Structure formats: C-alpha cells, structure tokens
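K.L.:
the sequence isn't on hand, but the structure is:
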C-alpha cells in the first residue's frame, strides 16, 4: 500500500510539472501574440483548461499528503503542495500581465495601421510570422518534454500495476500456506491420536495375553494336582 501511494505521489508531481510547463508556454504565446483578439481569446481558453488540470493535480497531491502514515513524510508533501500553489499563483500573475501587454500591443498596432497603412501591415505580418515560428519551436520543445513525461507517467502506472499484481500473488500464496498449515496441524493431531490408540491396543493385548497365560497356568496346576491325588493309593491318603 505504501509503495502504491509513493507511485501515485510521483505521478502527481510529474503531471504538475508538465502542466506548469504547458501553462508557461501558453503565457509566452500570449506575450508574443500580436492579434487578432480572437487568437488571444483562444490562447486564454487553453490557459484556463491547463490551470484547471494543474489545480486538480495539486489537490490530489494534497489529499495524498494528508493520508501519509508518517508525520515527517506528510509535512514534506504538504510543503511541496504549498510550493506548487505559490508557483500557480505566480503563473496567474504572469498570465494577467501577459494579457495586458498583449492587448496594449494589439491596440498600438491597430492604431499604427490606421496611421501608416499598408507598409506597417506588411511589417506586422513579417513580425507575426517570425513570432509564430519562434512560438512554434518553443511549443514543439515543450510538447517533446510533455511526451517524455507522459511516457514516464505510463511507466510508473505499469510499475504500480505490477506491484499490485505481485501483492495479490503474495496474499494468495499466504492464504494457501495458511490452509496447508491447518491441514498439517490436523494430520499431526490424527497421527498423535493414532499413536496413543496403538499404545492402548498393545497394552490391552498384553494384559489379555497375561490373563490368558495365568488362566492356562491355573488350569494346568489344578488339573495336575487332581491327577496326582487320583493316582495315590488310599493308604497314602
């Protein structure tokens, strides 16, 4: 059970780190976003989803911490939970600042387009393409990290399943051993009872044989005595 809890805690920590990286990447995309507002809205929707997943995992880690048997391990995990909450608050602050910066940049670009016309639009398009390429590279790198962490999570889940199966096998073997132990104890009692019965039978046989021999000797002795008396002359008697 303790091993399963450790695996669950490790999985929670790995996914918290993964969601934290994805949130940071999306916040960076918001900083680099140059419009339109629909693109910014889409990015914000993704950030909200990642924050929800991150918050859920932090709550799971906190629950696991409260279920720890050792007080020292409980306090260590609670401290980790507190650190994750602080990091999440920091990301939320960065998210608000990135939105403010992006909206100001979009407003400035729209004003500049109105003043300068087509040249600024072309410059903006070139800058936007460059930023899109940079953001794509960053996102791809973070997604690679995310895939690697997902593989680690899957391996941890497989290890936990193997541990559960091993525990079940050990429990089954223990139950079988208890059953065999009971059978052996019963056999031992039956053998002891049989040995006692055998000793009693031998004693009875010995007593019966002794009684038989005593009876035979008595009969022989009395029979011989009468025979001698019958053979003696009357004068001897």
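P.N.:
Good, I have the coordinates. What you see is a predicted model, and the numbers here were worked out from it, not measured in a lab.

K.L.:
next, the buried residues of the helix or strand where residue 59 lies.
P.N.:
Following DSSP states H and E, one finds residue 59 within helix 37-66. Buried residues in helix 37-66, counted by 16 or more other C-beta atoms under 10 Å: 39-40, 43-44, 47, 50-51, 53-54, 57-58, 60-62, 64-65. All C-beta atoms are positioned from the backbone trio N, CA, C, and that covers glycine.

K.L.:
any idea how far it is from the chain center?
P.N.:
25 Å (C-alpha atoms, centre = their mean, to the nearest Å).

K.L.:
helices along the chain, start to end?
P.N.:
Under the criterion DSSP state H, the chain carries helices at the ranges 2-32, 37-66, 71-116, 118-231.

K.L.:
turn these into a markdown table, including mean pLDDT.
P.N.:
Shown next, in a markdown table, are those (pLDDT from 0 to 100):
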| stretch | mean pLDDT |
| --- | --- |
| helix 2-32 | 87 |
| helix 37-66 | 91 |
| helix 71-116 | 88 |
| helix 118-231 | 72 |
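
K.L.:
so which of these is the most packed in?
P.N.:
Stretch with highest mean neighbour count among these: helix 2-32 (a mean of 19; mean count of other C-beta atoms under 10 Å).

K.L.:
so which elements touch that helix?
P.N.:
Applying 3 or more C-beta pairs under 8 Å, 6 or more residues apart in numbering; DSSP states H and E, one finds that helix 2-32 contacts helix 37-66, helix 71-116, helix 118-231.

K.L.:
that helix: how far from the chain's middle?
P.N.:
20 Å.

K.L.:
could you check the angle helix 71-116 makes with that helix?
P.N.:
Orientation of helix 2-32 against helix 71-116 (axes from the mean of the first three to the mean of the last three C-alpha atoms, to 10 degrees) gives an angle of 20 degrees.
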